[in-house]
Every structure is written in structure tokens, then in C-alpha cells.
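Enquirer: need a structure here:
(chains A and B)
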Number of protein chains: 2
Amino acid sequence: MDPRIQTIDGNSALIFYALRPSQPDGPMTLTFERHQSDVPVQQLSQHLFSTDGFLERQARILPLLENEPLLSKEKQQHLSRVERFKLALARAKLLRRMADKHQWSDDDYKMAQYLVDDVSPYFLQTEMFVTTVREQASEKQRDYWLPLIESWRIVGAYAQTELGHGSNVRGLECQARWDPSTREFILHSPSLTSSKWWNGSLGRVANHAIVVAQLLLPKAGGNEEYISYGPHPFVVQVRDLKSNKPLPGVVIGDIGPKYGYATMDNAYVLFDQFRIPHSAMLSRYSSVDPDSGEYTKPEQPAAVYGSLTYARAKIVRHARLVLARAVTVAVRYTVIRRQFRDRDGSGTEQEMSVLDYPTVQIRILPLLATTFALHYTGLAMQNVYHAARKDIESGQYKSLSYMHSMSSGLKSLCTMLAADGIETCRRAMGGHGFGGGSGLIQLNNDYLSKPTVEGDNWMITQQLAAYLIKKMAAAVESIDTTGEDEVDARFKAFISKRRQTRSSTSHSLNLRNDHDIVKGFEDRATILVFEAYELRIIKKQKWNKLLIQLHKLSKAQSQLILVTTFFDALSAETSLEDSAKSKLWDLYRLFALTTMENEAYEFFRCGAISQSDLNAIPSRIEELMGRIRPHAVNLVDSWKIPDYLLDSALGRWDGRVYEDLFHRAHRLNPLNNITFNPNCWEEEIVMGTGETGRDILAKL
Amino acid sequence: MDPRIQTIDGNSALIFYALRPSQPDGPMTLTFERHQSDVPVQQLSQHLFSTDGFLERQARILPLLENEPLLSKEKQQHLSRVERFKLALARAKLLRRMADKHQWSDDDYKMAQYLVDDVSPYFLQTEMFVTTVREQASEKQRDYWLPLIESWRIVGAYAQTELGHGSNVRGLECQARWDPSTREFILHSPSLTSSKWWNGSLGRVANHAIVVAQLLLPKAGGNEEYISYGPHPFVVQVRDLKSNKPLPGVVIGDIGPKYGYATMDNAYVLFDQFRIPHSAMLSRYSSVDPDSGEYTKPEQPAAVYGSLTYARAKIVRHARLVLARAVTVAVRYTVIRRQFRDRDGSGTEQEMSVLDYPTVQIRILPLLATTFALHYTGLAMQNVYHAARKDIESGQYKSLSYMHSMSSGLKSLCTMLAADGIETCRRAMGGHGFGGGSGLIQLNNDYLSKPTVEGDNWMITQQLAAYLIKKMAAAVESIDTTGEDEVDARFKAFISKRRQTRSSTSHSLNLRNDHDIVKGFEDRATILVFEAYELRIIKKQKWNKLLIQLHKLSKAQSQLILVTTFFDALSAETSLEDSAKSKLWDLYRLFALTTMENEAYEFFRCGAISQSDLNAIPSRIEELMGRIRPHAVNLVDSWKIPDYLLDSALGRWDGRVYEDLFHRAHRLNPLNNITFNPNCWEEEIVMGTGETGRDILAKL
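Expert: This is a model prediction of the structure:
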């Protein structure tokens, strides 16, 4: 027998490294790709990450994680849900211990979570729980709770969504009834659908939660009737700190397996006349007087949206890294993967890298461009969020509705781009994209929560649409709006031009002029708003009848934001070499033009672009893809996604795709340790053990 | 304490059935929906399934399965990959025993597999293994192998794809070298990339496989040089029938976890100078003379595509049931799910069914229409396949290229419609669509293999495009084509009209005329073929440069087939009541017009439809959705997907959505039997057990 074959454990097994892939192999191909591009990877990385010390932090935290056996991802795909959750909890505890040991900052800790890539069972503690207390608690409440939370003496979650209600927060059924006799609130779940549901970190882990419930105050007269003041947040202890069992009157559990998020214990919670003290109601904006039972309503009702907007803004900011991860894998693998010789070639060439096929390019390269578009928009969203928070903290609310509507439209669009982008990358990799070595399975499964979580992507586009229609109405009525933003100016110019020319459509664009492209997006978005304004405000059509149009208009405005922030960022950029900057401009063009092509008829109908210009887009896209293709590997390299995070045979930095796929199959797969009994038609399944199917089910 | 709360196992637990969902609940809503529609469900079901006894078979097999505890799907989501595979193997054996006991036909057995919904570890045995032997073995070989296969004395698989090559079958590296001295072939894997890969049923189960390898025959002269005659199929024993261990010289294993297909043991296989007899080469079409070593090539090289086309045609035919399953869940849940009162209402109404929102309708109702479109096209594809097989069996090959190209284009389009449709349904269900109670998780995970398997969806569209360009060239040159089909006639009419009028674009359509819609699709497809013909044949452009256009043209032709077969089937239909037929016509219109709207600019650019007609489409779609909406529940009911197959809390027939979700979370979730130790920062994770994260990993 050939010496490369060895017998291990009674089974013949190949020493895989003795066999090599056919040539040119992955390392050779990636080396070639990296050398033939003039993109300065380090400089571009600095450009992407300079603002927040991200790269330095990643470089510092990463080796610490890679040294911990518990954080190895090698075999985790093989675990059951229960075991996977246990592993995640063990890892989360380890990260806490590491945070203490290495004196990690909050950002360091979040970097570690990002790299480990488990959705942490403690996730809500450091996000919605602490954020809500910070933003909605009174000063006295903050003084009490924040030290407990920040020292991790308590672990908290956020329980708003119910089995029957998610989007419609006002429809929540869980009740918090004020009992003046004991000065307590009574939390109660009056129906099955009032069960809290989906609440992360709460199913098995948290001992405290923000519980959002309908505030019920007794009617004057004392005849057991109540008035509802709408949903309010309460901070509630739900489990015993020692036994970790639910307190009497509270039923909690994990809701079971989901599409992804295996490591998160999303909860159901029912309350049975569960009494909580007066101090449980977070009372920064609204409160109940413990003596009189009188209600004080928030000065600015919108202020309570703060936490939600925080979550949306964070999702928008994160989308770039999610998509960059998928695109990194897809680009590296599709240059290494070769299939077919050129049909019009001499027949003697190597097989072509599949990324050289336009049908592969058209799927991956626009997504590469999208990662950068998401980057600049994420930055802009972050800036808007911080500015608005600052306003709110100082008691000013004028920027709140802009921030809220922008975060809604962008959350919808950006999560769709990233979620669909992952799947497009996966399919572009053909068969191996379906395999566990792609590194996209958990990413896809987890990220597919994003289009519906924190406001359903189709539902929340109404918020941006309503904002824009209001702005258009103000422009038509020439109302001076305080806190004027880009939108006001554009709408006013549109209305004024329309009054002069009686025509709203326009000019032909020069698609080779980068600013003309922005104008095309502006015109289309403006027209769509104006049409919606006419239907809703002038013709008084029903809101629900307009929903599809409103969705389109939110998308158009959000795409405009992506294109504009990309354009503005590049226009203002001064420190990058031309070898980097010229590629960014090409990516800008590719992003904008493929977006335009996907919605071609809408641009055309709106008069935002002429037919001849539209017809020129495909060849322009092809030209841009041809220019970007040689730099694709260096461009994804500049995202600096480490192999540890990628966890991908197809996308690894060194290109050893086939070696790694074989290694995972042959060395890391426990199924191969079992010899089955497939030719025996009796009940035994594992050779010589007598183990049957019933035995498997009995273990659950 | 409220009597509805009981203490079980020291944990307070709710007797869930004592709490009811808020009203109107699911059963009430579905009863209302079913009564207010005049769609005759039974009659429509008969219409859909009359041809092949499907409903009778389903009704007969289903109760047998529901009675087997091993086939209960209640807890399977909680298993690890290894345990899930074991369960699937145990079930597959049970199905074999049941087949014997109940004397099931082949179709009965496949019905049972369909309902159990595991991808069977024996799947390849009854599909590609036996099909390839039937179609490619000589008569003598068939006489030997078929009885062994059909009696299940051997279990077989199909090993074609390799680690390095899938689509490019000619690029396969595995070798079958003829050794004249022993009259044997020597199977050998010369590189890592030559490892067989993905081969279903072979990783742990099958003892035989069709192995596709490069046939190498010695050059005359005997100096150890060989000539390759391309890939050929060999039937090979790979495991010992008793021990189920690989034979010496063969390395086999399972490739590990994938996106889906957890129950399938996709294999890697390496051969080390593994000798097989002369009789192993399937020799119906080509053969090697054992005496002279001379090669006989197939008369019709295309004949060997038979098996592949079989797999594609089967996928096309199956797509309707896959999508119907997702749409059934989505329709039932979105009528039951209520969220928000009408914004323009009086404020006292019930919350609205989410299916009453146009933004939910526009996602689900066109997919409901698509299930029917897929149905009629699947039937047409099946008929074309059977006719072509009949021709081939009688030595005629004229219909082969039509069948092959049609199956390629339709496989690409139909799997994309179904795969994307599942995910669209899932997202349209909001948060609960992400939960395990949706019933769409395994469906999605498994079905997402289809866009890349059996010919990648983007790659194989070249085959239909090439066929159409050839037909157009024949039409231009007025060549009489034998076996004239719909395409020939259309292209000839186009060319003749074009010569008369010097214009290829046309007429305005009446979108309310159902046949005009077909014409719009015809015109667009024809123009796209003509443009591709000009670029490739006249202007001699490189094939690879045209790939994006070729993909679009394949899609256009395939969409035309869907629209035409739908139209033709309804036009010919005579037995349905008008209450059913009128809905089918509306579904036809909705499918065609939403397809048109999604590609609006292409239709416009091709002159297939005018701008004013295009602008009228959205309101026409809205009108159709309004007409279809009241019948949505009855229309999905007529697909008769049983609850056992749906395995969905959201989609169950009786509408007890929330009760079932709670039941799954509270009663069927083993995670809730474990009390964790989240507040202790040491290594213990499960309260009082000392179990640590390292213990979890050590089990693998």
C-alpha cells in the first residue's frame, strides 16, 4: 500500500498533508493576488478603523482568546443545543474572568465577545438592561442600580416583547396594577398571549429584568376599575440570587431552538399577581406618586424611544463587519476556486478563477462595495445618535425625530443588505458554500434575526416615511422648521423649482460624474416623497393602503443616505494615497450604479435618469468590476477580519482551503468515529452496540 | 397563589391550557376565514393531485407514520448532529421494515420519506444509484445489479463530485487506469483535490457506489503513458458488507456538518491504487474491450446526461410542494397574527390580521400564486422528461437537448423561487418566523442546498442560453429544424416579422387580457435571445463576457415557460367550478404581473410593454391581491400539507398557534430541565454539579 495511507483505529486513513491539492493551490493564488494589486492594505485599514482604536484592540485581545482551549471553535458545530448553550455560558464566564484579570475596558470586553462570536447569554446585561437603567431611571434609581449592574452583582435582561405583541408596544397585555393599600405594583399576565417572549438572557440566566407592562391606576371611587396609562418599564427581580430559581409567582423558561442564536436563552415569562415595590417603576420621564397615586406623564413622550433607537443605531453600525466577513470568505475562496477553462481560449490554459466570471463578480463585487457604503453610513448614524443623545441629556428633543426616523430606515435597509449579502456570498461559492467549512452557517443563522428584531424591517419603514411626508408638507407650506437638516433644504428647493417650472422631472445625468449620481438618488427619493405626500395629505388616502409605497420611499431615502455619506466621505478624505482612494471611488460608483440598476424602472419613472443613461449602466458596471477585480483580495484584507473570527476553511488568510476542508472532515468530525450498521434491517444502528433509535430519543 | 400555577419539580410551572390567548384566537379566525371563501377546497385538491394518486397515498401512509413514536418530530431539533444522524438511520430502517410489512410500492415508500422529511441516509440508493444503473449499465450488468439493489442486498451511492471539481465534470481528477495484464481498472486519487466529496449516503452508509473517474487507457507502445477518454461511471464496492468498514485502499468518511442535510452522510472518498474488475465499467454507451483494450465511444455523447437531467427534472417537479409548505404556514399565521389597529380607523376595532397589510400581502400572495405556477410547470417538465426518455430508449435523441436545456433553465429558476420564497415567508412572519415553532428552519436549511446542487443555478443557465442562441441562428438562416418545438416557431415568426418591418418591438398590451400577458413574456424572451445571438454569432463576442446576459435570457425564457404553462393549463381546464377557476386565473395574473414588475425595466427596454402599461401594474397587483386575500386560507388548504409534515406551531391546521408555541417551549425543551449557575464566576456552569465548559468539549 502507498505509504501515504495509514491505518488508524482499524480504519484506513490518509495522512492528509502528504497529498497536495492540484496546482496552482490556494497559497500560491493568494500570494499572486496580493502582489499584483497596488492597494495599500495597512493604510486602508487605518482609514477604516482609525477613529476608535479598533485594530489595536483587536490585535491585543485576539491572541489571549486564541490561547484559551475553551474558546476554540473547532468542534462546536457538533454540539446539541443544550451542550452548545452550556459551552457558551462557560465561555461567557471565562470572558468575565479574563476581563478582570486583564483589566479590560467595556470596549475590550465587547471586542472579545465579537471575536468569540457566541451571542452571549449575558448579552442583555451589557446592552439593553444597563442602557435602559441609564436612560430611563431617576437619579436615585441610577445610584442604586448602576453599581449593582456594573459590578455584575446582579444580571439583568429586558422583557418587553410578548407572545402576542411585538411591534405594537401599546398592545402589550402584561399589567402593572398599582395597589395604593400596600404601595406596590402587581405584575400580572392575564392571558397566554401576555406571556413575555423572546427576551434574551432571561430564559435561564438573568435574575433581574426590565419588564415593560401596562401601567394601571385605580379609578377614583375605588370600585376596582382601572385606567391604563400605557406601557412603562419596571426593574424587577425574577430569580433568587442563590438558587437561580424563579421567585414564587414567576414562571420563566427558555423558548426553545431558533433559526440561530443557539447560545442565547430567549425567555418566556408569566407573572401571577407578582408584587413589586413602588421604586421598581423607572421614573425619569414618568412616575406615580406613592401617596396620591397620581400619574406624571413624560414631558416628551418620544424620549422613551431612546433605548430602541440605541439598539437600531448599533445594528446599523455593526452591519459593515458582518457583511465584510462574508465577502472576505467569498472573495478569497472564489479566486482560489478554479472551474472550467475559457470556452474561447486555446484549451491549454489553467482553469479560470471563478471570480473571473462576470456572473460571480456581479454577485460578490457589489457586496464588497456595500461593505464600504455601510461603513461610512454607520459612522454617520453613530454621529447622529451621539449628537441627539447629547441634546436629549440637555433636555432638547429637536433632533430626536430625525435620529429615530433615520435609524428606522437605515436599520431596515442595512440589515437587509447584510442578511441577503451573506446568503448571496454563500450561494456564489457553489457547493462548498453549503458546507460547514464555509464559516457562514452560524453567521447566517444568527444574523437572520436582524431583519425582524428591534422593529420589523417592513414595519419600521413607516417611521421614516411619516417623517419625510411631514417634512414635505412643511416645505409645501413654507413652514420654517427648526433644526433644519439636509431633507428640509432639498424639499424646499424641489418645491420652489416645481413652482417655477411646473415640472418635477429633470436633467440628464452624467453617470461618469460622481456627484450626478448622488443627484439621481436625490431626485428619485424626493419625487417618491412628493407622490406620497400628495396621496396622503392632499388626497387623504388611507395610510395602510399606501404601505408598499411608503416602504419604497423609505428605501429610496435610505439608499440616498448610503450613497451620499459614501460620496461625502470620499470627497472630504485627504490622507489616503491615490492607489487606495481611486479604488474607493470605484467602489462608490459600483455600489451606486448596481443599486440604481436594481431599481432601474423606479429611477426612470421618477425622471431621475434617462433611458439612454440607464441602458449604459450594465456596461459601466462591467467596466468597474473589471477595474476592481484585481484588487478584490487586498480590499477584503483591509477589513482585517481575523481567521479566528472567520472560522472558515474557504476564507482563511493563507488560502489553504482544501487542506482545511479535509482536515475538518477527517480529523474533527465525531461522526467518523462511529461504525454504523446500515445493512442490517433490525433496530440496531451502531455496529455491535445494540443502540437503537428509541435510545436516542430517550436521552432527551 | 392562583390555581393555574402549579409547582412541578420544585419549579413553579403554569398549566398552560388554563390560560387562553387573547381573542379572537387562531381557531376562531381560521374558521371565519374558511367559511367566508367560496373556494371548493376538495375539488381544487383533486385538480392538483388527481394525476398520480398522491392524495389517496398520503391519506393512507400518514396515519401509519403518526403512530410510530420513532417518527415523532417533537424533540428532534434538540439533537446534536451525531444523534440526529443516528435517529435518521433508525427511522430509515424502520421505513424499510414498514415497506415490507405494508407491502408499499416504490411511490408509497417515497411518500413516507417525504412526510418524515429526513433527508434519508439511504436516499441515493433509490435515486441516483439505481437510476444510473438502469440508464447506463449494459443489459448484462443490469441483470446482475438491479436485483441486488432492488432487494436492498447492497446499498449504493453516487460519487461524482470531488473536492476540487463539481460543475466541470471533465476536470475530475480521480483516475480509472486500465491494466491489460490483469484486465482490471485501477481507481486512484492522485491529489487532495481529487478526493470524492459531497457524495450522499456514502460517508457512513453505502457499501457500493457509482464512481465517476477519468478513463485512462495505455498508449500503444507500452511505455507507461496513458490517454484520457474523459469521465466514465464505474460501479464499485467500497465497504465490507459485514463489518461496514472501508475495503483496503479506500478511505471514506463523512464531510461534517453543513447548512442543512444533518441526516445525510455526504462523503469524502480517496482511492489508493484500488483494483476493480473490467465488469465495473457501466458499458451501455461506451466500453473498453477486455481483450484489445480498445475503447468504443458513445454514439450520442449527450445520452450520458440522462441521470443528471433526471435529478433536475425531479427537483423542478418537487419545488411546488416545498414552497406550498412555507406559504401554508405563512398564510395561516399571518391571518391569525394581529398587530395594530387601523391607523385611520375609529380606534375601537380589533387589531388587524397582518395579512391585511399590503406590505405583508405583497410578500406572501405572489408566492401563493407561484406555488400554482410551479405546479403546472412541474407537470410540463415531467411530461417532457418522460417523452424524451421514451425517445432515448428507442434510440432517438432529437428531444434530448430540448429536455436538457429546459431542465437546466427551470431547475435554476424554480429552486431560486422556492428557496427565496421560504425565506420571504419566514421573514414575513416577523419574530416568530425566527423561532423553532415556525416549521421553516429545517425546510430552509435543507432546501438551501438546491440552488447549488445538481448544477449551480448561475452556471447551468448557460445551457438553456446556448440552446436558444442555436435555435435563433437556425431561424435566421431559415434552417428546417427537426423536432420543431415552440421555440422554433416563435423565433421564425420573429425573424420574418423583423424582415418585413425592420422593427422588432411592438404593440401595446392589454394587461387585462390574459393572453396578452403571455405575449409580453414571449416578446421579451425573444428579444433577449436575438440580442445574445447578435453579440455571440454575428459580433463574435467572447462567451464569458456575455454570461450575465445569458443568465438573464435563461431566466426570461424560464419565466415564459412558467407563465405559458399556467395559461395553457387554465385555458384547457374544463372540470373545475368557476369559484375555483376564477381564483386560479387571478393567481395566474398575480404571478405574471409581479414577475413582470420585478423585471420592469427589462420588459420596457425590450419593447415588450409600454411605460403606461407598466405604470398600471402596481394598482392592478393591489386589486388582484384584494381579490385573492379572502381565499388565501382555502387556497393553501387545498395543497393538503398535513400538520405532521408542516411540524409548525404557526402553520397548524387548527390555528392553535400560541398554545403550541407555549407547549413547545414549556414542555418539550430540555434546556428548561437544567438550572444553571450564571451568578458564580467560577468554572461550574450547572448548579451544584461541578460540570464545566471543558467537560462539554471533552465529550466530542
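Enquirer: please make it C-alpha for all contacts and neighbour counts, starting now.
Expert: OK.
Enquirer: phi and psi next, for residue A:243.
Expert: Dihedral pair for residue A:243: phi -80, psi -20, per degrees, to the nearest 10.
Enquirer: ok, it to residue A:688 distance?
Expert: As judged by C-alpha to C-alpha, to the nearest Å, residue A:243 and residue A:688 stand 43 Å apart.
Enquirer: pretty sure residue A:155 sits against residue A:210.
Expert: No: at 11.1 Å, residue A:155 and residue A:210 do not qualify as touching, with contact defined as C-alpha atoms under 8 Å.
Enquirer: higher neighbour count, the two?
Expert: The neighbour comparison of residue A:155 against residue A:210 (other C-alpha atoms under 10 Å in any protein chain shown) goes to residue A:155, with 28 against 24.
Enquirer: tell me the SS of the closest residue to the more buried one other than its chain neighbours?
Expert: Beyond its immediate neighbours in the sequence, the residue positioned closest to residue A:155 (C-alpha to C-alpha, 6 or more residues apart in numbering or on different chains) is residue A:206, lying 4.9 Å away. Following DSSP: H, G, I helix; E, B strand; the rest coil, we place residue A:206 in the coil state.
Enquirer: need the contact list for residue A:206.
Expert: If you count contacts by C-alpha atoms under 8 Å, 6 or more residues apart in numbering or on different chains, residue A:206 has them with A:122, A:154, A:155, A:156, A:157, A:238, A:239, B:678.
Enquirer: ok, back up a step: compare neighbour counts for residue A:243 and residue A:688 and give me the winner.
Expert: residue A:243 (14 against 11).
Enquirer: mind pulling up the pLDDT for the more buried one?
Expert: For residue A:243, the model assigns a pLDDT of 96.
Enquirer: what does residue A:220 give?
Expert: The model's pLDDT for residue A:220 equals 83.
Enquirer: next, give phi and psi for it.
Expert: According to degrees, to the nearest 10, residue A:220 has phi -60, psi 140.
Enquirer: count of residues packed around it?
Expert: Count around residue A:220 with other C-alpha under 10 Å applied: 10.
Enquirer: one more: the one 4 residues further on?
Expert: Applying other C-alpha under 10 Å, we find 9 other residues in the vicinity of residue A:224.
Enquirer: got the buried residues for stretch A:647-665?
Expert: Residues of stretch A:647-665 classed as buried by neighbour count (16 or more other C-alpha atoms under 10 Å in any protein chain shown): A:647-653, A:655-665.
Enquirer: ok, stretch A:282-295 next?
Expert: A:282, A:283, A:284, A:285, A:286, A:287, A:288, A:290.
Enquirer: please apply the same query to stretch A:19-27.
Expert: If you call a residue buried by 16+ other C-alpha under 10 Å, then stretch A:19-27 has these buried ones: A:19, A:21, A:25, A:26, A:27.
Enquirer: ok, the residue in chain A that chain B sits nearest to - contacts?
Expert: Using C-alpha to the nearest C-alpha, residue A:80 is the residue of chain A that sits closest to chain B, at 3.8 Å. Applying C-alpha under 8 Å, 6+ apart, we find residue A:80 in contact with B:78, B:79, B:80, B:81.
Enquirer: which of the buried residues of stretch A:282-295 sits closest to residue B:142?
Expert: Residue B:142 lies nearest to residue A:282 out of those, by C-alpha to C-alpha, at 78.3 Å.
Enquirer: that closest one and residue A:137 touch, don't they?
Expert: Yes: contact criterion C-alpha under 8 Å: residue A:282 and residue A:137 qualify, at 4.6 Å.
Enquirer: pLDDT value on the spatially closest residue to residue A:456 that is not a sequence neighbour, please?
Expert: Using C-alpha to C-alpha, 6+ apart and skipping residues adjacent in sequence, the residue nearest residue A:456 is residue B:430, 6.3 Å away. On the pLDDT scale, residue B:430 is placed at 95.
Enquirer: and residue A:612, by the same measure?
Expert: Reported pLDDT for residue A:612: 92.
Enquirer: secondary structure element holding it?
Expert: Taking DSSP states H and E as the definition, residue A:612 sits inside helix A:611-628.
Enquirer: please enumerate residues in contact with that helix?
Expert: Residues contacting helix A:611-628 (C-alpha under 8 Å, 6+ apart): A:358, A:361-362, A:365, A:508-511, A:583, A:586-587, A:589-590, A:593-594, A:597, A:600, A:604.
Enquirer: contacting chain B as well, which ones from these?
Expert: A:358, A:362, A:600 (C-alpha under 8 Å from any C-alpha of the partner chain).
Enquirer: most neighbours of all the residues you listed, which one?
Expert: Counting by other C-alpha under 10 Å, top hit in those: residue A:600 with 22 neighbours.
Enquirer: my understanding was that it contacts residue B:601; is that so?
Expert: Yes: judged on C-alpha under 8 Å, residue A:600 makes contact with residue B:601 at a distance of 6.1 Å.
Enquirer: just to revisit the earlier point, lowest pLDDT pick from the contacts of residue A:206?
Expert: Minimum confidence in these sits at residue B:678, scoring 93.
Enquirer: which one is it nearest to, not counting chain neighbours?
Expert: residue A:205 (5.7 Å).
Enquirer: next: residue A:266.
Expert: residue A:200 (4.1 Å).
Enquirer: can you pull the pLDDT of the one you found?
Expert: On pLDDT, residue A:200 comes in at 97.
Enquirer: again, but for residue A:363
Expert: pLDDT at residue A:363 comes out at 98.
Enquirer: buried ones in the helix or strand it falls within?
Expert: Per DSSP H and E, residue A:363 falls inside helix A:358-393. Within helix A:358-393, the residues that count as buried by 16+ other C-alpha under 10 Å are A:358-382, A:384-385, A:388-389, A:392.
Enquirer: that helix: how far from the chain's middle?
Expert: Counting by C-alpha atoms, centre = their mean, to the nearest Å, helix A:358-393 is centred 12 Å from the centre of its parent chain.
Enquirer: now it against helix A:611-628, angle please.
Expert: Relative orientation of helix A:358-393 and helix A:611-628, computed by axes from the mean of the first three to the mean of the last three C-alpha atoms, to 10 degrees: 100 degrees.
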